[in-house]
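# I need the structure of the sequence given here:
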Amino acid sequence: MNAEAIVLIGGAVAGLLQVLKTSTFVKRYALLWVFGISLLATLLWGWSEGTLMRETAFQFFAGWVAVTTVAAGVFGIVKAAPGQVSEIRSSTGGGA
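Next up, the predicted model:
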């Protein structure tokens, strides 16, 4: 999955999420919508290109992460889940 494909898919997903953002249901589950639509769009692109194979699985995973990051900007991933981001603690209880 190249950078052009990531920009293409990310733009389409961000545009779709921008339209869906008017729904209260979508706002309530923003992160799930971002993850799900990004996954669906990435897999749809791979299927349409005919490159969805085991050898390219990690490329698709990395592409999905990039597309999800682009799409999360529509909602603001930190604003969508502030409790989850601020509650991250070290498992050892110590500093870095």
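# low-confidence ranges in the protein?
25-26, 75, 77-96 (pLDDT under 70).
# Please enumerate the helices of it.
Secondary structure of the chain (DSSP state H): helices located at 3-20, 24-28, 30-49, 57-75, 77-80, 82-86.
# Can you add mean neighbour count and give those helices back as CSV?
Bear in mind the C-beta positions are built from the backbone N, C-alpha and C, glycine included. Below are the helices of the chain laid out as CSV (neighbours: other CB atoms under 10 Å):
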stretch, mean neighbour count
helix 3-20, 16
helix 24-28, 11
helix 30-49, 17
helix 57-75, 18
helix 77-80, 14
helix 82-86, 10
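# Could you pull up the residues touching the residue nearest the centre of the chain?
Most central residue of the chain, judged by C-alpha distance to the mean C-alpha position with CA atoms, centre = their mean, is T68 at 1.6 Å. Neighbour list for T68: V34, F35, S38, L39 [criterion: CB atoms under 8 Å, 6 or more residues apart in numbering].
# Surely the first one touches L17?
Yes: with contacts counted by CB atoms under 8 Å, V34 reaches L17, the gap being 6.6 Å.
# Against I37, how distant is the nearest residue to L39 once chain neighbours are set aside?
Nearest in space to L39, with sequence neighbours left out and distances taken as CB to CB, 6 or more residues apart in numbering, is W64 at 5.8 Å. Distance of W64 to I37, given as CB to CB, to the nearest Å: 11 Å.
# With respect to I9, which of the contacts of T68 is nearest?
S38 (7.8 Å; CB to CB).
# How about the contacts made by G73?
G73 touches A14, counting by CB under 8 Å, 6+ apart.
# distance of it from T56?
Distance of G73 to T56, given as CB to CB: 26 Å.
# re earlier: can you list the contacts of T68 in a markdown table and add distance to K21?
A markdown table is the format used below for the contacts of T68 (distance: CB to CB, whole Å):
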| residue | distance to K21 |
| --- | --- |
| V34 | 11 |
| F35 | 15 |
| S38 | 15 |
| L39 | 19 |
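# Out of the residues you listed, which comes closest to A12?
Using CB to CB, the contacts of T68 come closest to A12 at S38, 10.1 Å.
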